[in-house]
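> compute the structure for the input listed below.
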Amino acid sequence: MYPHDELTRLAAHKAALRQAIARNRVECSAAAAHALQPVVLLDRVITAVRRFSPLAMMAAVPVGLAVQRTIAPRLKLLGLLTRWGPPVYTLLRTLRTRRA
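Okay, here's the model as predicted:
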């Protein structure tokens, strides 16, 4: 006649469900933090690049050429930078304008 047993069972089920939801929230937030690590790193790189003006970046090319000739003439790093530098700079500039 009184629904005491059924209400007690429902209360226990509700408590177990709340615990499962809390556990899933913790697992989901940990998985999201792990999955977003590359995005956080990319954001830090973009922030660091924004600190330098385009003129300073252009001035780094002749300095890099001089350093390469004097210290390590066999390294091909500067060739990679001069080849891939302008497209990367254009991409970063595009991302900056779209973000604004």
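> every contact and neighbour count from this point should use C-alpha atoms.
Fine.
> residues near Leu41, how many?
Around Leu41 there are 11 other residues, counting by other C-alpha atoms under 10 Å.
> per-residue pLDDT, it?
On the pLDDT scale, Leu41 is placed at 91.
> show me what counts as buried in the top helix by length along the chain.
The residue-count maximum for a helix in the chain (DSSP state H) belongs to helix 4-35. By neighbour count with 16 or more other C-alpha atoms under 10 Å, helix 4-35 contains no buried residues.
> what's the angle from whichever helix or strand comes after it to helix 4-35?
Next helix or strand after helix 4-35 toward the C-terminus (DSSP states H and E): helix 37-51. Per axes from the mean of the first three to the mean of the last three C-alpha atoms, to 10 degrees, the angle that helix 37-51 makes with helix 4-35 is 40 degrees.
> quick one: mean pLDDT for stretch 44-53?
In this model, stretch 44-53 carries a mean pLDDT of 79.
> can you give the distance of that stretch from its chain's centre?
Distance of stretch 44-53 from the chain centroid (C-alpha atoms, centre = their mean, to the nearest Å) equals 14 Å.
> need the residues that contact it.
Under the criterion C-alpha atoms under 8 Å, 6 or more residues apart in numbering, residues Leu92 lie in contact with stretch 44-53.
> next, the buried residues of that stretch.
Across stretch 44-53, burial judged by 16+ other C-alpha under 10 Å covers no residue at all.
> by contact count, what packs against the longest helix of the chain?
Using 3 or more C-alpha pairs under 8 Å, 6 or more residues apart in numbering; DSSP states H and E, no helix or strand is in contact with helix 4-35.
> tell me which residue is most central in this protein.
Closest residue to the average C-alpha location of the chain: Val39 at 1.6 Å, with C-alpha atoms, centre = their mean.
> now do the contacts for that residue.
Going by C-alpha under 8 Å, 6+ apart, Val39 touches no other residue.
> centre of the chain to stretch 32-45, how far?
The chain centre lies 2 Å from the centre of stretch 32-45; the measure is C-alpha atoms, centre = their mean.
> CA-only coordinates of that stretch, as CSV, when you get a sec.
The C-alpha coordinates for stretch 32-45 follow below in CSV (Å, rounded to 0.1, in the frame of the first residue of the first chain):
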residue,chain,number,x,y,z
ALA,A,32,39.5,16.2,-23.7
ALA,A,33,42.6,17.7,-22.0
HIS,A,34,44.7,15.0,-23.6
ALA,A,35,43.2,15.4,-27.0
LEU,A,36,43.6,19.2,-27.0
GLN,A,37,47.3,19.2,-26.1
PRO,A,38,48.4,19.8,-29.7
VAL,A,39,45.9,22.7,-30.0
VAL,A,40,47.3,24.3,-26.8
LEU,A,41,50.9,23.9,-28.2
LEU,A,42,49.8,25.5,-31.5
ASP,A,43,48.2,28.4,-29.6
ARG,A,44,51.4,28.9,-27.7
VAL,A,45,53.4,28.9,-30.9
